[in-house]
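In: my questions concern the predicted model and sequence given below.
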Amino acid sequence: MFCPKCGTQLPRVAIFCKKCGYNIQDKGKLEEIKEIKKPKKNLKIILFLSLGGILLFIGIIIKYIPRIPQTKQNIPSYTEYELAEIKRKFEGKEKELKKVEEELKKMEQEKSSLQYTMDFIKHIQIDNTLQEYYDNVRYYIGIKFGGWRHIIFGDLLGDKNVATRFQAKLAAHDIGLRSKYWREVEDRLEARYYQTTSGHYSYIDARRKIDKVIEYIGIGEHETDEKKIRKILNFVKESVRYKPDFDEIQRAPLETLNLSGDCDDFSILVAALFRRVGINSAIASFKSKTGGPHHAMVLFQSKESLPCYSYSDLSQFELEQGRWYLIEPQERFDKQNDPESFEKWIIEAAASISQVIQE
């Protein structure tokens, strides 16, 4: 066995330690010594662990602190590249998004424009009542002059202006103006229309639709005559179909807008639109110098100097004095200054809208 005090190995029968003289048989004292020795052993362990922790911490610091500056130098280079790549991808997506937004905006505009056009077409449509009014005007005035062909070919009655006056009367009607010609027939038909529609007048209903056309074309009140004419001719070129008539029926402006027409119908329509925006206009009938078919075009007056073919005076046709410009209603404004295309025609008859509405 061992001495509990000094640790010397002793025989089993020893009572005292031969080295330190400790009484081995004193068990109470042995327990006391054990209790005293225990804290010393724990303290050593704590000190040992603390020292080890300190050394470990110092080792970590020594190992990693020198590398920190080098690591800091490498991080920005990698991060900048990565950020540049992310930025590039983001900008690409941003451009794609912007393109989609532009396409959506364009589609919304097209939808809005299409809806406006559909509303416009719906607004200018003529119902059966107004259509029957036009049919009756042609029928009864034709009877009065001995048949419809007498209106078309007025020279059979010795009056070459009959056809152009009737055309000007149709133009005047659709812009809300009453004609002094065929007033008896017109009054009778207007009374029937008023009764059928419960208080409407045909020329007022028609004028409202023509005003919608002017609004759709986008003509401002203070625009120049040239700009107004350009817009009207562009609209007619893009929106109205040319179709030859089977029986030379002369149509009112709204009929031509809803259906189609030939040169007479185009002239009636354009003359009405000119007059409605403040440009004095007339309809003229022409014969060809080469003996071809007859043709109809529009005359107008303006204080502006315009690059159009013109006549210095047409008072022989009972038109207002002054210069009259000639317009081919089926073409745009830029094609109106070709002398060769106009000089091949000779005026046979002409009637202004102002002329047919004079009281």
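Out: Everything's here; your move.
In: gap between the biggest helix by length in the chain and the chain center?
Out: Using DSSP state H to assign secondary structure, the helix with the most residues in the chain is helix 68-124. Offset of helix 68-124 from its chain centre (C-alpha atoms, centre = their mean, to the nearest Å): 21 Å.
In: and the helix or strand just after it, what's buried?
Out: Remark: after helix 68-124, the chain's next helix or strand is helix 128-144, criterion DSSP states H and E. The neighbour-count criterion (16 or more other C-beta atoms under 10 Å) identifies Leu130, Glu132, Tyr133, Tyr134, Val137, Arg138, Ile141, Gly142 as the buried residues of helix 128-144. (Each C-beta comes from the backbone N, C-alpha and C, glycine too.)
In: and if you look at stretch 115-122?
Out: Going by neighbour count (16+ other C-beta under 10 Å), the buried part of stretch 115-122 is Phe120.
In: neighbouring contacts of that stretch?
Out: Lys212, Val213, Tyr216 (C-beta atoms under 8 Å, 6 or more residues apart in numbering).
In: narrow those residues to those that are buried.
Out: Val213, Tyr216.
In: with secondary structure and distance to Ala191 added, can I get the contacts of stretch 115-122 in TSV?
Out: Below are the contacts of stretch 115-122 laid out as TSV (DSSP: H, G, I helix; E, B strand; the rest coil; distance: C-beta to C-beta, whole Å):
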residue	secondary structure	distance to Ala191
Lys212	helix	26
Val213	helix	27
Tyr216	helix	32
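In: quick check, pLDDT for the residue nearest the centre of the chain.
Out: With distances taken as C-alpha atoms, centre = their mean, the residue of the chain nearest its centroid is Gln109 (2.8 Å). Note on Gln109: pLDDT of 83.
In: the one 4 residues further on too?
Out: The per-residue pLDDT reported for Ser113 equals 75.
In: same question for Gly261.
Out: On the pLDDT scale, Gly261 gets 91.
In: surely it meets Pro244?
Out: No - look at Gly261 against Pro244 with C-beta atoms under 8 Å: they stay out of range, at 9.2 Å.
In: the more surrounded of the two?
Out: For the pair Gly261 and Pro244, the greater number of neighbours falls to Gly261 (25 against 10), based on other C-beta atoms under 10 Å.
In: any idea how far that one is from Pro253?
Out: 9 Å (C-beta to C-beta, to the nearest Å).
In: gap between His222 and Ile327?
Out: Counting by C-beta to C-beta - His222 and Ile327 are separated by 22 Å.
In: shared neighbours of Gly261 and Pro253, anything?
Out: Contacts common to Gly261 and Pro253, judged by C-beta under 8 Å, 6+ apart, are Leu269.
In: tell me the one of the buried residues of helix 128-144 nearest Glu103?
Out: Checking the buried residues of helix 128-144 against Glu103 with C-beta to C-beta, the nearest one is Leu130 at 41.8 Å.
In: tell me where this protein has helices.
Out: Under DSSP H, the chain gives helices at 27-64, 68-124, 128-144, 148-152, 162-174, 183-196, 202-217, 225-239, 253-258, 263-276, 339-343, 353-357.
In: so what does the third one touch, helix or strand wise?
Out: When you say that, I think you mean helix 128-144. helix 148-152, helix 162-174, helix 183-196, helix 202-217, helix 253-258 (3 or more C-beta pairs under 8 Å, 6 or more residues apart in numbering; DSSP states H and E).
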